[in-house]
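Novice: can you look at this prediction? I've put the sequence above it.
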Amino acid sequence: MKFFASCAKGLEYLLADELVALGASKATAAAAGVNVEGELADAQRAALWSRLASRVLWPLADFECPDEHALYAGAVAIDWSRHLSHEMTLAVDAHVSGAAITHARYAAQRTKDAVVDTLRTADGARPSVDVESPDLRLNLVVRKGRAILSVDLGGGPLHRRGWRQAQGEAPLKETLAAAVLMRGGWPRIHAEGGALLDPMCGSGTLLIEGALMAADVAPGLLRYADAAPSRWLGFDAATWRALLDEARRRETAGRAALRPVFFGSDSDPHAIRSAEQNAWMAGVSDAIRWQVLPIERLSAVALSRHPREGGDPATLDFQEGAEAKSLDSRLRGNDGLNANATEMGGLAVCNPPYDARLAADATLYRQLGDALKRTVPAWRASLLCGDAELAHATGLRAQKKYQVFNGALECALIVCDPIATPIREPAAPRELSEGAQMVANRLRKNLRNSKSWREREGVGCFRAYDADLPEYAAAIDVYTQADDPDGRWLHVQEYAAPAEIPEADARRRFRELLSAAQDAFALPRERIAVKTRERGKGGSKYGRMDQRGEWILVREGGARLRVNLFDYLDTGLFLDHRPLRLRIAEEAEDARFLNLFGYTGAATVHAALGRARQTTTVDLSATYLQWCSDNLRENGFGGASHRLVQADAIAWLQADRGQYDLVFCDPPTFSNSARADDFDVQREHVRLLRAAMARLAPGGALYFSTNFRRFRLDTEAVAAFGHCVDITAQTVPPDFARNPRIHQAWRLSA
């Protein structure tokens, strides 16, 4: 039989693994849930033991449902006498999408009517409705013209474990808390002797869930202490009793072995009182030590055995102060704790505020990251952050990042291991080879020659080397972090070597170039992003990129822009277009600005900073549009005045009827996409420019640029619809002067 376990979006694969571990023969991730193959006993076990599932649904019928009449007919066709009697109570939860049936409450009502009418016809009596604690809870899903009607084997949402007595303003669901713990590797860390810390614990969800997980307590055991989850006539009561007996035996053994290695703190004393109350209800209060402590004061936390007033003398406490040792070092000297705890460390978990109701504050995230690095630098961390930007604000480097949903809120779950990257001992200076020394000398000369220009223009991101020495063929770009002149990063991009150069020689020269760059800029290797060429079918091409999820914030003129040096071939900022973007900023006042092939929206940000009346950014990539949105938000812009459009640029221009005073058009040389026709800039540029000029307001200007070196503008065709001036020389910046063919640019007007 197949059944369905629903879950929060982003947890599907984690839940599939959990259900297979619980005994299901097969589990396949689907949208917001998992399709499971197994027996009824497997589904009942999932209702008792799954820490991630929101509901476990056993299907009764699957039928076409184009309208409300079909819904009623499909429900009436079921023999309801096999599932409940008229003495029982009933509830229906409905979820609908599509145009045919739009109201979930109405769909639930029609389904209930069908059940009641069927039984009343047969027995002359009808079941009652009990929405809180029914004997049988049904679940209806209507989607894409089909309805699935199922028994809810858990009797309701499974995140309700039964221990929560008090909660904060926006409590974390227990199922999502379990995901944070699992992604952080908590079961393994606890088994190896580690501890669990939540320095912004709120009402204690993460720590309580972690303690129950460590004690091997079934998440449904307290919830079903008084009654089975369902009195559905098809429910296997004997199997359920056997599952409960096994769970209680495991609970007894697990609670007896539970070590008091759980630590929670929060700046709000009301939250701590709620957490203590919840922990008592969950039966884990002796294992968790709570403290009222603002995150900025979490500077030196220690573990020690400390008699709590009126409590167990073996409880553990936070101790703060300049004399306190780090958590790791105190564990080493703490008799009675597993010595492996010092070696294996522990897990820091947190769900800091991140939505509008809780006023997400990037400063708070930075304080959290700093506190964890100071306190437990060698530990692992699993942090549920509001979005990628807030995750970045922690200042922690994430080894893994997951997209998950807390209700309707899209969040970033990051895992850092360790929390603070170990500081490497400075490598002993080694003598550069003759070739590497030559490159290092050239780099130092370039930096000296460009220094006055960079300081005068305030340029922090620039090209420092562009195959100045032909045998060392690469581009080296410098990216300086905003507000940190010493925060330099390098982006090194290898050029394809001529075919006659042996591969071994090309590799050796590139290694020498990297050694020279590291020496000239005095940077650790971790701050140098490298894009290397590899030989493959079709010739030389770039190899796979990293997946670090690491962003840095840079400044260009008045703009603050996000770049990613490691994960993409390009960084998100084309440095050669710096003069064009600054020109756009100068001309944007009160303009309606249009950015075609908008990429990450750097030109849009400059236009907005130049007081553009409105901006429109068009790109086919949702990733780039999100990047553009992040860049706008970083500079304080958003809302209806700054429109983002995911579309093919030419098709959108032909359908659009707006007018724009300032247009920037920087198309790719070539692109192919399943969403649009293939694009070739040489072939399509006349059609593109004609469509763009049709949208240009009288007196407006269109800036067109391309990096295709063999590009030839069809001046005769363009002259038919616009006045065109070649401005390439004025738009190539000094740091690209060695290679003035980096791009071509024109200004068009009506």
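Specialist: That came through fine. Values in this document were obtained by computation on a predicted structure and should not be read as measured data.

Novice: lowest average confidence, helix or strand, in this protein?
Specialist: The helix or strand of the chain with the poorest confidence is helix 327-332; it has a mean of 36 (mean pLDDT, DSSP states H and E).

Novice: which residues of the stretch 151-300 of the chain fall in strands?
Specialist: Counting by DSSP state E, counting those that start in this stretch, the stretch 151-300 of the chain has strands at residues 195-198, 262-266, 288-292.

Novice: reformat the ones you listed as JSON lines; add distance to residue 485.
Specialist: In short, each C-beta sits where N, CA and C put it, glycine included. Below are these laid out as JSON lines (distance: least, CB to CB, whole Å):
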{"stretch": "strand 195-198", "distance to residue 485": "35"}
{"stretch": "strand 262-266", "distance to residue 485": "36"}
{"stretch": "strand 288-292", "distance to residue 485": "39"}
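
Novice: most tightly packed of those strands?
Specialist: strand 195-198 (a mean of 27; mean count of other CB atoms under 10 Å).

Novice: for it, name the packing helices and strands.
Specialist: If you count contacts as 3 or more CB pairs under 8 Å, 6 or more residues apart in numbering; DSSP states H and E, strand 195-198 packs onto helix 186-191, helix 205-214, strand 262-266, helix 327-332, strand 346-350.

Novice: what average pLDDT does that strand get?
Specialist: Strand 195-198 carries an average pLDDT of 95.

Novice: parallel or antiparallel, list what pairs with that strand.
Specialist: Each strand paired with strand 195-198, and its direction, by DSSP bridges: strand 262-266 (parallel), strand 346-350 (parallel).

Novice: now these in TSV, with mean pLDDT and distance to residue 104?
Specialist: Conversion of the strands paired with strand 195-198 to TSV gives the following (pLDDT from 0 to 100; distance: least, CB to CB, whole Å):
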stretch	mean pLDDT	distance to residue 104
strand 262-266	94	36
strand 346-350	96	34
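
Novice: I'd like those as JSON lines, with distance to residue 483 appended.
Specialist: Listed next are the strands paired with strand 195-198 as JSON lines, based on distance: least, CB to CB, whole Å:
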{"stretch": "strand 262-266", "distance to residue 483": "30"}
{"stretch": "strand 346-350", "distance to residue 483": "25"}
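
Novice: could you measure from the residue lying closest to residue 160 once chain neighbours are set aside over to residue 250?
Specialist: Excluding its sequence neighbours, the residue lying closest to residue 160 (CB to CB, 6 or more residues apart in numbering) is residue 223, at 6.3 Å. Separation of residue 223 from residue 250 (CB to CB, to the nearest Å) stands at 16 Å.

Novice: higher neighbour count, these two?
Specialist: residue 223 (21 against 16; other CB atoms under 10 Å).

Novice: by contact count, what packs against the top helix by length along the chain?
Specialist: When the chain is parsed with DSSP state H, its longest helix is helix 434-457. Contact here means 3+ CB pairs under 8 Å, 6+ apart; on that basis helix 434-457 packs against strand 461-466, helix 503-521.

Novice: worst mean pLDDT among the ones you listed?
Specialist: helix 503-521 (a mean of 93).

Novice: now for that helix, which elements pack on it?
Specialist: So helix 503-521, by 3+ CB pairs under 8 Å, 6+ apart, packs with helix 434-457, strand 474-480, strand 488-494, strand 528-531.

Novice: among these, which comes closest to residue 501?
Specialist: Residue 501 lies closest, by CB to CB, to one member of those: strand 488-494, at 12.2 Å.

Novice: and the closest one, what does it pack against?
Specialist: strand 474-480, helix 503-521, strand 528-531.

Novice: looking at those, which is buried most?
Specialist: strand 474-480 (a mean of 22).

Novice: chain center to it, what's the gap?
Specialist: Here strand 474-480 shows a centroid-to-chain-centroid distance of 27 Å under the convention CA atoms, centre = their mean, to the nearest Å.

Novice: parallel or antiparallel, list what pairs with it.
Specialist: Strands adjacent to strand 474-480 in the sheet, as given by DSSP bridges, are strand 461-466 (antiparallel), strand 488-494 (antiparallel).

Novice: show me what the mean pLDDT comes to for stretch 107-117.
Specialist: Stretch 107-117 comes out at a mean pLDDT of 96.

Novice: let me fix that: stretch 20-28
Specialist: 94.

Novice: contact partners of it?
Specialist: 5, 15-17, 19, 34-38, 42, 45-46, 49-50 (CB atoms under 8 Å, 6 or more residues apart in numbering).

Novice: in a markdown table, list the helices and strands packed on strand 195-198 along with distance to residue 636.
Specialist: Listed next are the helices and strands packed on strand 195-198 as a markdown table, based on distance: least, CB to CB, whole Å:
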| stretch | distance to residue 636 |
| --- | --- |
| helix 186-191 | 39 |
| helix 205-214 | 33 |
| strand 262-266 | 31 |
| helix 327-332 | 39 |
| strand 346-350 | 27 |
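
Novice: pull the contacting residues for residue 420.
Specialist: Contacts for residue 420 (CB under 8 Å, 6+ apart) come out as 372-373, 377-378, 396.

Novice: relative to residue 209, which of the contacts of stretch 20-28 is nearest.
Specialist: residue 50 (13.0 Å).

Novice: surely that closest one meets residue 56?
Specialist: Yes - when contacts are counted by CB atoms under 8 Å, residue 50 is listed as touching residue 56 (7.0 Å).

Novice: okay, and the common contacts of the two?
Specialist: Counting by CB under 8 Å, 6+ apart, the residues touching both residue 50 and residue 56 are 5, 158.

Novice: and these two? which has more neighbours close in?
Specialist: Counted by other CB under 10 Å, residue 50 and residue 56 do not tie: residue 56 has more neighbours, with 30 against 25.

Novice: check which helices and strands whichever strand or helix holds the more buried one is in contact with.
Specialist: For residue 56, the host element (DSSP states H and E) is strand 55-64. Other helices and strands packing on strand 55-64, by 3+ CB pairs under 8 Å, 6+ apart, are strand 2-6, helix 40-49, helix 68-76, strand 136-143, strand 146-152.
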